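J.: sequence and predicted structure below; questions after.
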Amino acid sequence: MKKIKLIMSLLIGGSILLAACSQGLNDSKVPTAVKTSFATDFPGNSPKWDKENSNYEASFKSDGKTMSVLYDEKGNRQETETDINVSNLPSTVTDYILQNYKGQKIKEAAIITKANGEVNYEAEVNGMDLLFTKDGKFIKTAKD
């Protein structure tokens, strides 16, 4: 009986923790300036909103591509991320991963365009996002 209570407590606690980690937002919780910017930048698209630190992230599909865009609370676009095929990553990126993450597969890939026009690549490997410059030079690892 004690084991059952322990298991139930762990399950309930885990469920609460998962719910707390998910920061999905109802459209009504997104500032008007952010929604207006999104509607101007990506007309006709309906996003799913999330909160990422103090920024607002809109995830959506456009022209068959999975995308996300990050805005600050004033509606200023910070970056746009577009999923790409792993085969579209620069060879310097795939070479780096083959060398430094032997036996690991690239699960997803994306191209990120910052507000200032800077372009980066992202490759998800082993639950981590590896970020690279436009030329394929490693920048850093970020938790997925």
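T.: Now that the structure is in, tell me what you want to look at.

J.: show me what contacts residue 110?
T.: Taking Cβ atoms under 8 Å, 6 or more residues apart in numbering, we find residue 110 in contact with 81, 82, 83, 84, 121, 122. The way it works is simple: take the backbone N, C-alpha and C, and place the C-beta from them, glycine included.

J.: that one is in what secondary structure piece?
T.: strand 106-114 (DSSP states H and E).

J.: each with direction, which strands does that strand pair with?
T.: Partners of strand 106-114 in the sheet, by DSSP bridges, are strand 77-84 (antiparallel), strand 119-125 (antiparallel).

J.: and that strand, how far out from the chain's middle?
T.: Remark: strand 106-114 is offset 9 Å from the chain centroid, using Cα atoms, centre = their mean, to the nearest Å.

J.: buried stuff in that strand?
T.: 106, 109, 110, 111, 112, 113 (16 or more other Cβ atoms under 10 Å).

J.: buried ones among the contacts of residue 110?
T.: Here, 16+ other Cβ under 10 Å leaves 81, 82, 84, 121, 122 buried among those.

J.: quick one: the fourth one and residue 49, what's the gap?
T.: Meaning residue 121. 25 Å (Cβ to Cβ, to the nearest Å).

J.: all good on my end, thank you.
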